[in-house]
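**Q** got a predicted structure plus its sequence, pasted below:
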Amino acid sequence: MAVLFRQTNVIWAAFVLAVGVFRQINPSNKREDSTGLPRLIWEYSRKAWLLRRRLVATHWTMVLLFAGFVTFLRLNGGVVVGDTAAHKPSLHLVQVLYCAFIVCGSQFAVHFSPIRLAALAKEFAGKRTTHKLKGLALFMASLLACVVVIKW
């Protein structure tokens, strides 16, 4: 598991999941009146619990990712693989690229579902050419980023 997924990126994936859940719970992005952060966290947690089945159905790839990581922790007895003295925590900026690769890979099925692919095809068939070019440029940049991450 450590070879397939850098352990520190689980934290990044948790942030991505939190944003996805927040957007699904609060699609209008409207701020609610609250007496403070603890109350706000309680309200969103309550909403998430009430919508748990829909949230799991939507974010099943991330749930699977976390389940795999927890399984790895239990089987390995910790995060470090091998000699713990040789694996001291340090700043490693390339982890952002690793994180992007893993998050994109785990969300592939969500972003490229048949419904989204049909909407993308309809967008490309539409009259607005600027959107076509922006979409194509975004797709090519994403593809290039994946190739760069895989290569190096």
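**A** Received it, and whenever you're ready, just let me know what you need. The structure presented is a predicted model; accordingly, all values stated were derived computationally and were not measured.
**Q** C-alpha only now, for contacts and for neighbours.
**A** Noted.
**Q** contacting residues around stretch 42-60?
**A** With contacts defined as Cα atoms under 8 Å, 6 or more residues apart in numbering, stretch 42-60 is touched by 17, 20, 21, 22, 24, 25, 63, 110.
**Q** state the pLDDT value of the second one.
**A** By that I understand residue 20. We note a pLDDT of 86 for residue 20 in this prediction.
**Q** okay, and which of the contacts of stretch 42-60 map to helices?
**A** 17, 20, 21, 22, 24, 25, 63, 110 (DSSP state H).
**Q** ok, the fourth one - how many residues close by?
**A** It stands for residue 22. Residue 22 has 16 neighbouring residues, counting by other Cα atoms under 10 Å.
**Q** now do the contacts for it.
**A** residue 44.
**Q** which of the ones in helices among the contacts of stretch 42-60 sits closest to residue 88?
**A** residue 17 (27.4 Å; Cα to Cα).
**Q** so what does the host helix or strand of residue 119 touch, helix or strand wise?
**A** In this structure, residue 119 is located in helix 114-125 according to DSSP states H and E. Applying 3 or more Cα pairs under 8 Å, 6 or more residues apart in numbering; DSSP states H and E, we find helix 114-125 packed against helix 129-151.
**Q** mind listing what's buried along stretch 36-49?
**A** residue 48 (16 or more other Cα atoms under 10 Å).
**Q** what's the average pLDDT for that stretch?
**A** On average, stretch 36-49 scores 85.
**Q** only C-alpha atoms, please: export it in PDB.
**A** Output of stretch 36-49 as PDB, limited to C-alpha atoms (Å, rounded to 0.1, in the frame of the first residue of the first chain):
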ATOM      1  CA  GLY A  36     -19.600  30.100  16.200                       C
ATOM      2  CA  LEU A  37     -17.400  27.500  14.600                       C
ATOM      3  CA  PRO A  38     -18.300  24.700  17.000                       C
ATOM      4  CA  ARG A  39     -22.000  25.200  16.200                       C
ATOM      5  CA  LEU A  40     -21.300  25.400  12.500                       C
ATOM      6  CA  ILE A  41     -19.300  22.100  12.600                       C
ATOM      7  CA  TRP A  42     -22.100  20.500  14.600                       C
ATOM      8  CA  GLU A  43     -24.800  21.600  12.000                       C
ATOM      9  CA  TYR A  44     -22.800  20.300   9.100                       C
ATOM     10  CA  SER A  45     -22.000  17.100  10.900                       C
ATOM     11  CA  ARG A  46     -25.600  16.500  11.600                       C
ATOM     12  CA  LYS A  47     -26.600  17.200   7.900                       C
ATOM     13  CA  ALA A  48     -23.800  14.800   6.800                       C
ATOM     14  CA  TRP A  49     -25.100  12.100   9.100                       C
END
